[in-house]
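Student: task: produce atomic coordinates for the following.
(chains A, B, C and D)
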2 protein chains.
Amino acid sequence: MPDVTITHIARAAGVSIKTVSRVLNRETGVGAETRARVEAVIGQLGYRPNVSARSLAGARSYLIGLAFQKVATAYGLEFQFGAMAACRRAGYHLVVEQVGDEDDGAAAPLSRLFADIRVDGVILAPPAADDPAVLDDLEAAGLPYARVAPDGAFGRSPYAGMDDHRAAFEMTRLLWGHGHRRIAFIGGPDIHSSARRRREGWAAALAALGGEARPEWLERGMFLSHSGFEAADRLLDLAEPPTAIFAANDEMAFGALAAAAKRGLSVPRDLSVAGFDDTYGARSSWPPLTTVRQPVREMAEAAVDLLIAGFGAVASEDAPRAKLLEFALVERASVGPPPAR
Amino acid sequence: MPDVTITHIARAAGVSIKTVSRVLNRETGVGAETRARVEAVIGQLGYRPNVSARSLAGARSYLIGLAFQKVATAYGLEFQFGAMAACRRAGYHLVVEQVGDEDDGAAAPLSRLFADIRVDGVILAPPAADDPAVLDDLEAAGLPYARVAPDGAFGRSPYAGMDDHRAAFEMTRLLWGHGHRRIAFIGGPDIHSSARRRREGWAAALAALGGEARPEWLERGMFLSHSGFEAADRLLDLAEPPTAIFAANDEMAFGALAAAAKRGLSVPRDLSVAGFDDTYGARSSWPPLTTVRQPVREMAEAAVDLLIAGFGAVASEDAPRAKLLEFALVERASVGPPPAR
DNA sequence: TTGTAAGCGTTATCAA
DNA sequence: TTGATAACGCTTACAA
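Tutor: A predicted model of the protein is given here:
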């Protein structure tokens, strides 16, 4: 058990270490029988190649970097689980670093953060995925990267995403279909491009359906529930308040739910509320939240897959560059018809 | 910029690579002047030692493993941020793996998951921190580990924790101080030892204060909000329902809040609700949640610090073994006096 | 199809 | 207090 090396395998299989290496790396030019024999011995001895040695000798470290902003939401972990699964499948490991926290030394460029462990590539989540400075830094360092839900510059890297615009469009249409004509939107911070696209989807749907998107029905939140609470509060203070509130993420929708509860409003009887993300809490809020299921985990998996696929490709066009995952409208109890009046 | 190595530093400083290595590793026996010169060159050239080479040649990989169950809560990320910060300070990197998900290859023993990257040690969060099989495996593999909030076996490893029992005791006393005499508790899963200690703290406080802990006032949830919802529902159906509900974590408290809202009960006028953890949502639920602030991030940091400190120690008693962090009672609006009757 | 030999950038051993 | 030089376990030429 203690440290089986490539030499042991070679000896046990009666071949040279180079042949073992070839088998390990799925290189061509190994006899089928030899390959089988080597693989058997590997399995038997439970051999796992030493990543440090591989990384030192070769061009790959089998390490992928994931950088986080210092915001602890369930979304972030969900994202990470997807990335971990994809890494494991491909024999990679995931190294995480925190980025963008000035008072913690984490403000260093990503390329430096990951320099001493020589990761093979980096996965970027929003909002870092849309930060040109981050992309420039990575490219200058020659570090491949893949992005999740980027805003633009789609040609710059492989990416996985979903159609936020269409999802928000569909959710707005669902609200409209229930009979709502005063549909407010609580947007997110501008740096989150997906937040922007969701807002545009809402506006586009209203335009398409012949509804109004009055300026006072558009609020901007911070993707945290208290900002949803405050935004909903302002909305409900309006002379002509909305009958439905569509928040750009679930957390803000929870805030809206709380704002309604504070006023003694019953959801969905007096007010309908819809979210976006389908986080864990969406099942168990009261009432359970109608929302858009975002395939966070799958997007992260796809991004890692694309990144790794790109390693093999000769810096050209033969690797797939993008993958769009399907969202789903999840109808629970927080949306109903508007109050009769 | 591209790949400054120890050789470059040695040449530039006019010393041998071994001397540079000594400076790097803070070994003794280097002239003060020589050391200063080498350090200057290192700073100037922005040199960072190659982790793979270090790991291959030496006994350390400067990698620390963190294993996660597949439950995406904000708690997990908060934990990770603490671990990342401590790692960075000490020049380590954090490698994350998922553990315990059968259908994903993640059921392999931890020592195997981390075998090929040869992490120097592992950080364990509950409930893995209390799983004897996990500890046995790590010890058999000779992998040092530190735990956060372990249940027992305190001598087996360094650990960081808090006094869950006392925290629950204090919260119960706070409820009692508001005048509540029927205080229910929604516990967590038994495998979470902290959940058990919180329940015991509740029971102990009631005993100390001369109150009752009726069996029907003790519910068991799953640390997820829907189980808090259901438990509260049962509690409120009782012939003699509690006037205060204390949940073993915030998520379940949110569920209790929702259950109250469903029945048209106003919190805290008709019912008081307290949580445990002080997660993000606690600030922004309606009403904002009175809860126990658990120093999750600090505990993770302390665990990493203890783990790393242990590396130097000669497998003996000279390294600190435990650190207890302070909790705080956070009073917000979800607790008030019981309804007059 | 297979093998030999030379690194990769560190740390460890031993000598100066 | 310093410095040659040999590992560490693998991959990458280059041969056979």
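Student: and the stretch 201-341 of chain A, which residues reach DNA strand D?
Tutor: Proximity of the stretch 201-341 of chain A to DNA strand D, by CB under 7 Å from any atom of the strand, involves no residues. Using the backbone N, CA and C atoms, a C-beta is placed for each residue, glycine as well.
Student: can you show me the helices along the stretch 201-341 of chain A?
Tutor: Applying DSSP state H, counting those that start in this stretch to the stretch 201-341 of chain A gives helices spanning A:225-237, A:250-262, A:296-312.
Student: which among those is found nearest to A:L143?
Tutor: Taking CB to CB, helix A:296-312 is the member of the helices of the stretch 201-341 of chain A nearest to A:L143, at 10.6 Å.
Student: for the closest residue to DNA strand C within the stretch 201-341 of chain A, give its distance to DNA strand D.
Tutor: As assessed by CB to the nearest atom of the strand, DNA strand C sits closest to A:F311 within the stretch 201-341 of chain A, at 18.8 Å. Going from A:F311 to DNA strand D by CB to the nearest atom of the strand, to the nearest Å gives 11 Å.
Student: quick check, pLDDT for the nearest residue to that residue once chain neighbours are set aside.
Tutor: Distances taken as CB to CB, 6 or more residues apart in numbering or on different chains put A:D120 closest to A:F311, at 6.2 Å, once the chain neighbours are dropped. Here, the pLDDT recorded for A:D120 equals 91.
Student: and A:D318, by the same measure?
Tutor: pLDDT recorded at A:D318 is 57.
Student: for the residue nearest to A:F311, grab the count of nearby residues.
Tutor: The burial count assigned to A:D120 is 20, neighbours taken as other CB atoms under 10 Å in any protein chain shown.
Student: touching, it and A:R54? I think so.
Tutor: No: judged on CB atoms under 8 Å, A:D120 makes no contact with A:R54 at a distance of 10.9 Å.
Student: overlap of the contact sets of the two?
Tutor: A:R60, A:S61, A:Y62 (CB atoms under 8 Å, 6 or more residues apart in numbering or on different chains).
Student: just those: which has the poorest pLDDT?
Tutor: Among the shared contacts of A:D120 and A:R54, A:R60 has the weakest pLDDT, 83.
Student: so who does it touch?
Tutor: For A:R60, the contact set (CB under 8 Å, 6+ apart) comprises A:R54, A:D120, A:F311.
Student: and which of those residues is nearest B:V95?
Tutor: Closest approach between the contacts of A:R60 and B:V95, by CB to CB: A:D120, at 13.9 Å.
Student: enumerate every residue touching that closest one.
Tutor: Neighbouring residues of A:D120 by CB under 8 Å, 6+ apart: A:R60, A:S61, A:Y62, A:L63, A:I64, A:Y92, A:P144, A:F311.
Student: select only the buried ones of those residues in ChimeraX?
Tutor: The ChimeraX selection below is limited to those of the contacts of A:D120 classed as buried (16 or more other CB atoms under 10 Å in any protein chain shown):
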select /A:60,61,62,63,64,92,144
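Student: could you list which of the contacts of A:D120 belong to strands?
Tutor: Residues of those located in strands (DSSP state E): A:L63, A:I64.
Student: so which two of the contacts of A:D120 are the farthest from each other?
Tutor: Maximum pairwise distance among the contacts of A:D120 (CB to CB): 13.8 Å, between A:Y62 and A:P144.
Student: for DNA strand C, what are the nearby residues on chain A?
Tutor: Proximity of chain A to DNA strand C (CB under 7 Å from any atom of the strand) is limited to residues A:14-19, A:22, A:28-31, A:33-35, A:53, A:56-57.
Student: residue ranges in the stretch 101-250 of chain A under the pLDDT threshold?
Tutor: Applying pLDDT under 70 to the stretch 101-250 of chain A flags residues A:101-107.
Student: show me where it has strands.
Tutor: Along the stretch 101-250 of chain A, counting by DSSP state E, counting those that start in this stretch, strands occupy A:121-124, A:145-148, A:159-161, A:183-187, A:218-220, A:244-247.
Student: export those strands as a markdown table, with columns for mean neighbour count.
Tutor: Converted to a markdown table, the strands of the stretch 101-250 of chain A look like this (neighbours: other CB atoms under 10 Å in any protein chain shown):
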| stretch | mean neighbour count |
| --- | --- |
| strand A:121-124 | 26 |
| strand A:145-148 | 27 |
| strand A:159-161 | 25 |
| strand A:183-187 | 27 |
| strand A:218-220 | 18 |
| strand A:244-247 | 32 |
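Student: so which of these is nearest B:K323?
Tutor: When the strands of the stretch 101-250 of chain A are compared by CB to CB, strand A:121-124 sits nearest B:K323, at 33.1 Å.
Student: who touches that closest one?
Tutor: With contact meaning CB under 8 Å, 6+ apart, strand A:121-124 is reached by A:64-67, A:83, A:110, A:114, A:134, A:138, A:143-148, A:150, A:300, A:303-304, A:307-308, A:310-311.
Student: if you set the cut-off to 6 Å instead, what comes out?
Tutor: With CB atoms under 6 Å, 6 or more residues apart in numbering or on different chains as the test, strand A:121-124 has contacts from A:I64, A:G65, A:L66, A:A83, A:L143, A:P144, A:Y145, A:A146, A:R147, A:A303, A:L307.
Student: just to revisit the earlier point, quick check, nearest of the contacts of A:R60 to A:D237?
Tutor: Taking these together and measuring to A:D237 by CB to CB, the closest member is A:D120, at 53.0 Å.
Student: around chain B, pick out the residues from chain A.
Tutor: Residues of chain A lying near chain B by CB under 6 Å from any CB of the partner chain: A:48, A:51-53, A:55-56, A:72-74, A:76-78, A:84, A:93-96, A:98, A:115-117, A:225-226, A:229, A:255, A:258, A:261-262, A:281, A:283-286.
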